[in-house]
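Participant: missing the sequence, but the structure's below:
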């Protein structure tokens with residue numbers, strides 16, 4: 001590759017890296033420009049570990065011919081099972097063990113397919129030679145396991161990459177790596193924000209709403225749920241069972257809330273605070289009821305699974321309320337929480353705590369019931385008037401009509417209402 005072409009490709013990588021071009025588009029553009037500039041790349045693969053609660057990392061592929069492979073892939077832990085065995089047979093593991101940061105491979109050398117796990121598929125694809133690189137990050141440039149960029153580049157050329165092509169790859173691949181690392185770090189920021197703050201709160205923070213005291217007054221449907229007898233169950237089971245127990249039931253509720261567009265704001269032990277918002281508050285209330293209905297289905301499936309494994313099971317209480325809240329940054333300059341505060345938040349937690357007293361799994365406030373459409377109100381019945389602890393006024397609390405559970409026709413009508 002001539003010097004002018006190298007400089008042009010470097011400029012493209014810098015510019016697109018700064019604009020945030022997705023990683024798969026970066027590797028495709030890189031490979032196409034390499035080919036146009038005289039580097040006979042037939043296949044490229046780049047992957048990088050990340051910070052994610054499920055995936056260990058993400059990778060990106062390019063081929064010079066049509067392929068059924070996805071150009072983006074995610075991989076789980078390489079610490080156990082078949083994935084660990086494949087990783088230990090990879091050329092990348094070999095390079096890490098031997099301290100190499102570059103390796104050239106003759107893909108048809110005797111025994112090489114038995115030695116390295118990826119070679120057979122490259123042979124079958126008609127590739128002849130490969131160049132493999134490791135670009136390690138410094139301590140201050142690493143984030144957890146994201147401490148290295150791995151890449152290989154294959155060619156169909158009988159003699160492999162010549163020295164001029166190798167020289168160009170040595171200059172250009174780190175530039176590609178820097179652009180991919182930048183995109184990966186942005187994805188990590190989004191992932192960590194969604195996981196620890198909630199989906200909408202994360203977007204608010206990433207858009208720049210991080211100053212202390214910056215809040216907005218909004219009207220929201222609030223959800224507060226907690227598990228029935230979680231304290232007694234936690235005392236009866238082993239310490240190593242407590243977290244899996246909480247995780248199972250948290251997944252049941254969070255999945256139900258997210259599926260209908262709600263936002264989980266806070267996990268408080270076994271309690272969950274969430275909200276449903278939108279221009280149409282009637283729809284937001286129906287979404288809250290849809291989430292509660294799906295939550296019960298999720299719990300039923302979970303309990304079957306846990307009972308089969310001889311593990312303790314429970315149910316949950318849910319309180320629903322509508323009210324005005326302050327939504328934004330609360331805390332100190334050094335530790336902020338992006339959440340909701342206000343009397344309505346206290347009220348919904350008190351409503352949820354009343355569920356055990358009236359022996360109902362769901363209770364809603366008068367404000368929630370009154371704001372529903374007529375079709376929805378007919379499925380809620382009063383449980384009586386109560387003075388809530390710490391709340392100045394008494395109010396009627398409502399629950400789902402028991403006939404929803406006992407009468408198939410009523411249950412069908414309720415499910416059709418939720419599906420609207």
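Facilitator: It's in. Keep in mind the model is a prediction, meaning the values are calculated, not measured. Numbers count the residues shown, from 1 in each chain.

Participant: tell me which other helices or strands the top strand by length along the chain touches.
Facilitator: Scanning the chain for the strand with the most residues, using DSSP state E, yields strand 316-331. Packing contacts for strand 316-331, counted by 3 or more Cβ pairs under 8 Å, 6 or more residues apart in numbering; DSSP states H and E, involve strand 215-227, helix 281-308, strand 336-341, helix 343-353, helix 355-358, strand 362-364, helix 366-370. (C-beta placed from N, C-alpha, C; glycine too.)

Participant: quick one: strands adjacent to it?
Facilitator: Looking at strand 316-331 with DSSP bridges, its partner strands are strand 215-227 (antiparallel), strand 336-341 (antiparallel), strand 362-364 (parallel).

Participant: which of those strands sits most buried?
Facilitator: strand 362-364 (a mean of 26; mean count of other Cβ atoms under 10 Å).

Participant: adding mean pLDDT and distance to residue 161, write the helices and strands packed on strand 316-331 out as TSV.
Facilitator: As requested, these are arranged in TSV below (pLDDT from 0 to 100; distance: least, Cβ to Cβ, whole Å):
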stretch	mean pLDDT	distance to residue 161
strand 215-227	94	57
helix 281-308	96	53
strand 336-341	86	50
helix 343-353	94	62
helix 355-358	93	68
strand 362-364	97	66
helix 366-370	95	67
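
Participant: for the protein, which helix or strand comes out least confident on mean pLDDT?
Facilitator: Least confident element among the helices and strands of the chain, by mean pLDDT, DSSP states H and E: helix 199-206 (a mean of 82).

Participant: returning to that earlier point: residue 35: which of the strands paired with strand 316-331 is closest?
Facilitator: strand 336-341 (46.4 Å; Cβ to Cβ).

Participant: buried residues in the helix or strand that contains residue 409?
Facilitator: Taking DSSP states H and E as the definition, one finds residue 409 inside helix 408-418. Of the residues in helix 408-418, 410, 413, 414, 417, 418 count as buried by neighbour count, 16 or more other Cβ atoms under 10 Å.

Participant: and stretch 343-351, by the same measure?
Facilitator: Within stretch 343-351, judged by 16+ other Cβ under 10 Å, the buried ones are 344, 345, 346, 347, 348, 349, 350, 351.

Participant: now do stretch 302-322
Facilitator: So for stretch 302-322, counting by 16+ other Cβ under 10 Å, buried means 302-303, 306, 312-314, 316-322.

Participant: on that earlier part again, now render the helices and strands packed on strand 316-331 as a markdown table, adding distance to residue 251.
Facilitator: Shown next, in a markdown table, are those (distance: least, Cβ to Cβ, whole Å):
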| stretch | distance to residue 251 |
| --- | --- |
| strand 215-227 | 13 |
| helix 281-308 | 8 |
| strand 336-341 | 21 |
| helix 343-353 | 19 |
| helix 355-358 | 21 |
| strand 362-364 | 20 |
| helix 366-370 | 25 |
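
Participant: contact partners for residue 346?
Facilitator: If you count contacts by Cβ atoms under 8 Å, 6 or more residues apart in numbering, residue 346 has them with 390, 391.

Participant: and residue 164, by the same measure?
Facilitator: residue 1.

Participant: surely residue 51 and residue 191 touch.
Facilitator: Yes. Here residue 51 reaches residue 191: they are 6.9 Å apart, a contact under Cβ atoms under 8 Å.

Participant: ok so, going back, what packs against the least confident helix or strand of the chain?
Facilitator: Secondary structure elements in contact with helix 199-206, counted by 3+ Cβ pairs under 8 Å, 6+ apart, are helix 163-197, strand 263-268, strand 336-341.

Participant: buried stuff in it?
Facilitator: Under the neighbour-count criterion of 16+ other Cβ under 10 Å, helix 199-206 has 199, 200, 201, 202, 204, 205 buried.

Participant: distance of the residue lying closest to the fourth one once chain neighbours are set aside relative to residue 144?
Facilitator: If I follow you right, that is residue 202. Excluding the flanking residues, the one nearest residue 202 by Cβ to Cβ, 6 or more residues apart in numbering is residue 193, at 2.9 Å. Separation of residue 193 from residue 144 (Cβ to Cβ, to the nearest Å) stands at 16 Å.
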